[in-house]
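A.B. asks: A predicted structure for the sequence below; I have some questions about it.
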Amino acid sequence: MSDWLKKIYEKLWSRVGGRPWTEIIRDEQKKTPLVFLVIFLGLGIMAGKLAGKYWWQILIGFFLGILCGHFWW
């Protein structure tokens, strides 16, 4: 990440919560994991209903997102 983009990001999160938003979300998820499980389950069901017969493409997209998220986190 370039320096100017990093500075903009730091200015943003220092005003919002004092920490990066990823850390804030992670702490909330550790406190109430069931809430996040239900939220993402609902989003997955909704995406599956909207996708219709192309549900498998959405599933592959979610899998790639989970895979990239694990490498990034």
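C.D. replies: On my side now, so go ahead. Since the model is a prediction, treat every value here as computed from it, not as a measurement.
A.B. asks: Figure out how far the lowest-mean-pLDDT helix or strand in the chain is from the centre of its chain.
C.D. replies: When each helix and strand of the chain is scored by mean pLDDT, DSSP states H and E, helix 3-16 comes last, with a mean of 78. Chain-centre distance of helix 3-16: 19 Å, with CA atoms, centre = their mean, to the nearest Å.
A.B. asks: next one: stretch 20-29
C.D. replies: 10 Å.
A.B. asks: ok, and what's touching it?
C.D. replies: Stretch 20-29 is contacted from outside by Y9, W13, G17, F36, W73, using CB atoms under 8 Å, 6 or more residues apart in numbering. For glycine as for every other residue, the C-beta is placed from the backbone atoms N, C-alpha and C.
A.B. asks: Pull the most distant pair out of the residues you listed.
C.D. replies: Distance extremes for these: the farthest pair is Y9 and F36 at 23.6 Å, using CB to CB.
A.B. asks: Low-confidence stretches in this protein?
C.D. replies: Scanning the chain for pLDDT under 70 picks out 1, 73.
A.B. asks: and the residue lying farthest from the centre of it, helix, strand or coil?
C.D. replies: Most distant from the centre of the chain: K53, at 25.2 Å, with distances by CA atoms, centre = their mean. The three-state assignment at K53 reads helix, by DSSP: H, G, I helix; E, B strand; the rest coil.
A.B. asks: what about it, distance to G65?
C.D. replies: 21 Å (CB to CB, to the nearest Å).
A.B. asks: so where do the helices sit in this protein?
C.D. replies: Using DSSP state H, the helices of the chain run over residues 3-16, 21-31, 33-51, 55-72.
A.B. asks: got these as JSON lines, with mean neighbour count columns?
C.D. replies: JSON lines is the format used below for the helices of the chain (neighbours: other CB atoms under 10 Å):
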{"stretch": "helix 3-16", "mean neighbour count": "10"}
{"stretch": "helix 21-31", "mean neighbour count": "11"}
{"stretch": "helix 33-51", "mean neighbour count": "11"}
{"stretch": "helix 55-72", "mean neighbour count": "11"}
